[in-house]
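Participant: dropping a prediction and its sequence here:
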Amino acid sequence: FITVTQNEQTNLLSGMLAHHLGVNQTVIHLSTTEYMPIVQEIGLGSVMSKNMSTVNSILKFISSSKAESPVTTFDEIDVEVVEFSPEPGSRVTTTQLKDIKFPEDSIVGVINHHGQLSIARGESQLSDEDTVLVFAKSNVVSKLRILFESLLNIKTILNILAAMLAIIGVSMLFPFFVGYIYGESNLSAYLFSMAGCFLISVPVWIFTRRSRKLSIKDGFALVTFAWIVVAIAGSLPFYFSGAIPNYTDAWFEAMSGVTTTGATIIGNITTLPHLENGIESLPKGILFWRSFLQWIGGMGIIVFTIAILPLLGVGGVQLFKAEVPGPVADKIKPRVKETAKILWMVYVGFTVLQMGLLRIAGMPLFDAICHAFTTMPTGGFSTQNASIAAYNSPLIQYIIIFFMFVAGINFTLHFRVITGNFTALFRDYELKVYILTIIFATSVIFLSISSSISDWSHNGFMVSLFQSIAIMTGTGYANADYEMWPYFCQLALFILKII
């Protein structure tokens with residue numbers, strides 16, 4: 001017995017009557033899925049459904065390993081079938097489907113949960129482990145994507161920011177001990193700063209311990225807020241010590257340090273009259289802290305935190321992508337935590353090596369430490385008003401030239417060379433352009449300076465090379481007053497700064 005009228009109730013009742021009268025096989029046409037359990041319970045025969053046929057075709061499409069695209073269209077009507085994977089914390093994962101305001105002209109069709117396929121119902125609730133098929137007109141697909149994208153994971157972001165703040169607080173012990181060694185009287189400034197960091201970070205970390213994995217959006221937001229939080233914390237020793245009595249100036253100096261910008265408000269006797277000798281009037285502990293801020297900001301406080309993220313219970317690949325500078329954020333190891341640790345080992349290794357070489361070359365130990373801290377991050381803070389020009393030593397200047405050059409190269413390339421992969425040097429297009437640009441700029445500036453003053457001495461070549469690398473890498477050290485150079489040279493340095 002076959003019943004395929006347009007009236008479902010007629011089809012169902014006719015099928016039930018035929019079954020009651022002893023017909024062996026019945027075929028019924030139904031479209032309403034709510035009738036399916038009744039048919040199964042009664043034990044009727046086969047059911048034909050246009051809706052189920054469509055769904056089965058779609059399930060076959062998304063289950064096929066040959067499917068190349070999560071989107072398909074029906075040519076006869078303006079409808080797309082779009083496959084979405086809800087991101088952690090997205091709106092569709094927070095409540096049942098019936099409580100979500102989906103755009104008009106869209107309907108959720110099929111849910112795939114770990115390979116188990118089901119028809120979406122109002123009571124269904126999605127998770128970030130599901131994939132979902134949605135029928136929608138083309139003009140609402142972009143609105144649908146917003147529902148499946150994650151909201152900012154505020155608790156996890158606060159949790160990691162609190163951990164960073166605690167790390168900065170602990171690191172204030174370094175300038176404290178430097179100040180103690182030099183017998184300075186402003187040691188309480190570091191203790192007050194540490195206390196402020198811990199009073200905020202510890203409670204926030206405790207109340208936000210329940211975390212979840214980060215999305216790309218969370219990663220970028222976290223990087224942005226991290227610079228602000230770390231700069232605020234980093235400004236406290238400047239302010240509490242009285243070295244920079246205006247908090248806005250103190251925050252500017254800290255932000256310049258953490259972001260390795262290198263701009264400074266110190267040196268203007270009008271705004272800071274108590275620093276009669278500019279930078280050289282600052283206490284040793286503050287000078288150290290100023291350099292240390294650039295050092296931890298150089299590779300990124302984020303990358304450092306990635307190495308300890310397992311303690312926080314979250315993943316770090318999103319932070320790595322958001323933080324690591326350069327054209328490509330290469331992963332040296334499969335695990336991001338291992339990559340971050342290796343990058344920091346390379347970073348620390350070069351820093352210690354530069355400290356030793358500068359000390360051997362005759363630079364005082366304290367100055368060698370501070371300049372090593374500000375060379376590798378290409379920050380440029382110095383302990384001297386005249387910057388590197390204060391050290392009348394070609395050897396010191398060439399050591400700094402070398403490490404500025406090294407600091408401008410992708411650190412993953414350093415690691416590959418250290419582990420014996422020397423061919424990476426010759427295959428890296430970025431490095432080739434970097435070297436050729438330095439050679440060209442140095443040659444042009446040297447020829448311009450030397451011809452203008454008729455002096456072709458070694459000193460002209462050294463200052464040309466030094467300033468070309470210092471400006472191109474953004475380090476900002478100075479070993480000459482280039483404002484007195486010919487305008488062509490100043491223009492060349494300006495172009496290098498843009499590059």
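Facilitator: Ah, there it is.

Participant: where in the chain is pLDDT low?
Facilitator: Along the chain, the model assigns pLDDT under 70 to residues 31-37, 40, 44-78, 210-216, 300-340.

Participant: now do the strands in it.
Facilitator: When assigned using DSSP state E, the strands of the chain occupy the ranges 2-3, 27-29, 46-48, 71-74, 79-84, 106-113, 116-119, 130-136.

Participant: closest to Met345 out of these?
Facilitator: strand 130-136 (39.6 Å; CB to CB). All C-beta spots, glycine's among them, are computed from the backbone N, C-alpha and C.

Participant: partners of the closest one, with directions?
Facilitator: Based on DSSP bridges, the pairing partners of strand 130-136 within the sheet are strand 79-84 (antiparallel), strand 106-113 (antiparallel).

Participant: quick one: these as CSV, columns for mean neighbour count and distance to Met299 too.
Facilitator: Output for the strands paired with strand 130-136, formatted as CSV (neighbours: other CB atoms under 10 Å; distance: least, CB to CB, whole Å):
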stretch, mean neighbour count, distance to Met299
strand 79-84, 19, 36
strand 106-113, 18, 41
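
Participant: could you dump these to CSV with distance to Ser127?
Facilitator: Putting the strands paired with strand 130-136 into CSV (distance: least, CB to CB, whole Å) gives the following:
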stretch, distance to Ser127
strand 79-84, 13
strand 106-113, 7
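
Participant: with Ile200 as the reference, name the closest of those.
Facilitator: Ile200 lies closest to strand 79-84 among those, at 38.6 Å (CB to CB).

Participant: can you give me the offset of that closest one from its chain's centre?
Facilitator: When distances are taken as CA atoms, centre = their mean, to the nearest Å, strand 79-84 is centred 31 Å away from the chain's centroid.

Participant: stretch 127-141 too?
Facilitator: Going by CA atoms, centre = their mean, where stretch 127-141 is centred and where its chain is centred differ by 28 Å.

Participant: can you check stretch 388-401 too?
Facilitator: 35 Å.

Participant: just stretch 358-378 next, same as before
Facilitator: In this view, stretch 358-378 has its centroid 29 Å away from the chain centroid, taken as CA atoms, centre = their mean.

Participant: can you give me the end-to-end span of that stretch?
Facilitator: Between the start and the finish of stretch 358-378 there is a gap of 16 Å, counting by CA to CA, to the nearest Å.

Participant: show me what counts as buried in it.
Facilitator: Within stretch 358-378, the residues scored as buried using 16 or more other CB atoms under 10 Å are 358-359, 361, 363, 366-378.

Participant: next one: stretch 264-272
Facilitator: 264, 266, 272.

Participant: adding distance to Ala163, write the strands of the chain out as a markdown table.
Facilitator: A markdown table is the format used below for the strands of the chain (distance: least, CB to CB, whole Å):
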| stretch | distance to Ala163 |
| --- | --- |
| strand 2-3 | 67 |
| strand 27-29 | 62 |
| strand 46-48 | 58 |
| strand 71-74 | 40 |
| strand 79-84 | 33 |
| strand 106-113 | 34 |
| strand 116-119 | 38 |
| strand 130-136 | 31 |
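
Participant: closest one to Trp251 among those?
Facilitator: Closest among the strands of the chain, once you apply CB to CB, is strand 79-84, at 42.5 Å.

Participant: the strands of the chain: which one's closest to Asp481?
Facilitator: Checking the strands of the chain against Asp481 by CB to CB gives strand 79-84 as the closest, at 60.4 Å.

Participant: alpha carbons of the closest one, as PDB, please.
Facilitator: What follows is strand 79-84 as a C-alpha-only set of coordinates in PDB (Å, rounded to 0.1, in the frame of the first residue of the first chain):
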ATOM      1  CA  VAL A  79      20.400  29.400  -0.400                       C
ATOM      2  CA  GLU A  80      23.700  28.200   0.900                       C
ATOM      3  CA  VAL A  81      24.500  25.300   3.100                       C
ATOM      4  CA  VAL A  82      27.300  26.500   5.400                       C
ATOM      5  CA  GLU A  83      29.300  24.400   7.800                       C
ATOM      6  CA  PHE A  84      30.300  26.200  11.000                       C
END
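
Participant: how about the nearest residue to Leu358 once chain neighbours are set aside, what does it touch?
Facilitator: Among residues not flanking Leu358 along the chain, Ala368 sits closest, at 3.9 Å (CB to CB, 6 or more residues apart in numbering). When the contact criterion is CB atoms under 8 Å, 6 or more residues apart in numbering, the partners of Ala368 are 354-355, 358-359.

Participant: and which of those is nearest Ala424?
Facilitator: The shortest gap between Ala424 and any of these belongs to Gln354, at 22.4 Å (CB to CB).

Participant: the closest one: neighbour count?
Facilitator: Other residues within reach of Gln354 by the criterion other CB atoms under 10 Å amount to 24.

Participant: from Ile400, how far out is it?
Facilitator: When distances are taken as CB to CB, to the nearest Å, Gln354 and Ile400 turn out to be 8 Å apart.

Participant: mind listing the shared neighbours of the two?
Facilitator: The overlap between the contact sets of Gln354 and Ile400 (CB under 8 Å, 6+ apart) consists of 371, 375.

Participant: separation between the residue nearest to Leu358 and Leu447?
Facilitator: 33 Å.

Participant: also Asn159?
Facilitator: Distance, Asn159 to Leu447, using CB to CB: 56 Å.

Participant: more crowded one of these two?
Facilitator: In this comparison of Asn159 against Leu447, neighbours counted by other CB under 10 Å, the higher total goes to Asn159 at 22 against 15.

Participant: the closest residue to that one other than its chain neighbours: neighbour count?
Facilitator: The shortest distance from Asn159 to any residue that is not its chain neighbour, by CB to CB, 6+ apart, is 4.0 Å, and that residue is Thr208. A count of neighbours around Thr208, defined by other CB under 10 Å, yields 19.

Participant: residue contacts, Thr208?
Facilitator: Applying CB under 8 Å, 6+ apart to Thr208 gives the contacts 155-156, 158-159, 162.

Participant: can you redo these as a markdown table with distance to Leu465?
Facilitator: Listed next are the contacts of Thr208 as a markdown table, based on distance: CB to CB, whole Å:
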| residue | distance to Leu465 |
| --- | --- |
| Lys155 | 51 |
| Thr156 | 47 |
| Leu158 | 47 |
| Asn159 | 46 |
| Ala162 | 45 |
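
Participant: sweet, I'm off.
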